[in-house]
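Student: I would like the atomic coordinates for the input below:
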Amino acid sequence: MNDILGVLCAYVTENYATTYTVDTLPKEKSLIELGILDSFGIIELISFIEENWSISIEDDAITKENFGSINAMVNFVKRKTNA
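Tutor: Predicted structure coming up:
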């Protein structure tokens with residue numbers, strides 16, 4: 001499993017109320033639309049990403065294209081870290 005993907009899935013399933021597991025968490029669906037995260041949860045997740053990968057995320061980067069799904073977040077982190 002991709003390291004970024006694994007870390008993000010583990011963080012979400014361990015820190016938010018969900019019946020999904022790391023393996024069953026939908027990777028292409030919005031965590032907000034699935035009812036896993038609310039707006040505060042997104043802010044917490046962004047803080048986690050910034051700290052975990054030592055990157056800075058500007059407000060204008062917080063878009064559906066970058067944070068609309070687990071896979072979108074993985075791609076965003078890859079771009080920011082040149083992974």
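Student: Distance from the chain centre to the one helix or strand residue 8 maps to, please.
Tutor: Per DSSP states H and E, residue 8 falls inside helix 3-15. Computed by Cα atoms, centre = their mean, to the nearest Å, the chain-centroid distance of helix 3-15 equals 8 Å.
Student: cool, stretch 72-80 as well?
Tutor: 9 Å.
Student: Next, the buried residues of it.
Tutor: 72-74, 76-77, 80 (16 or more other Cβ atoms under 10 Å). (Each C-beta comes from the backbone N, C-alpha and C, glycine too.)
Student: Run through the helices of the protein in chain order.
Tutor: 3-15, 39-53, 64-67, 70-81 (DSSP state H).
Student: List of residues touching the third one?
Tutor: So the one you mean is helix 64-67. Contacts to helix 64-67, defined as Cβ atoms under 8 Å, 6 or more residues apart in numbering, come from residues 30, 42, 45-46, 72-73, 75-76.
Student: any low-confidence regions in the protein?
Tutor: Counting by pLDDT under 70, the low-confidence segments of the chain come to 1-2, 83.
Student: mind running it again at 90?
Tutor: 1-2, 82-83 (pLDDT under 90).
Student: OK, contacts around residue 53?
Tutor: Applying Cβ under 8 Å, 6+ apart, the residues near residue 53 are 4, 77, 80-81.
Student: Tell me which of the helices of the chain sits nearest to residue 22.
Tutor: Closest to residue 22 of these is helix 3-15 (Cβ to Cβ; 4.4 Å).
Student: picking up where we left off before, the helix holding residue 8 relative to helix 39-53, how many degrees between them?
Tutor: 140 degrees (axes from the mean of the first three to the mean of the last three Cα atoms, to 10 degrees).
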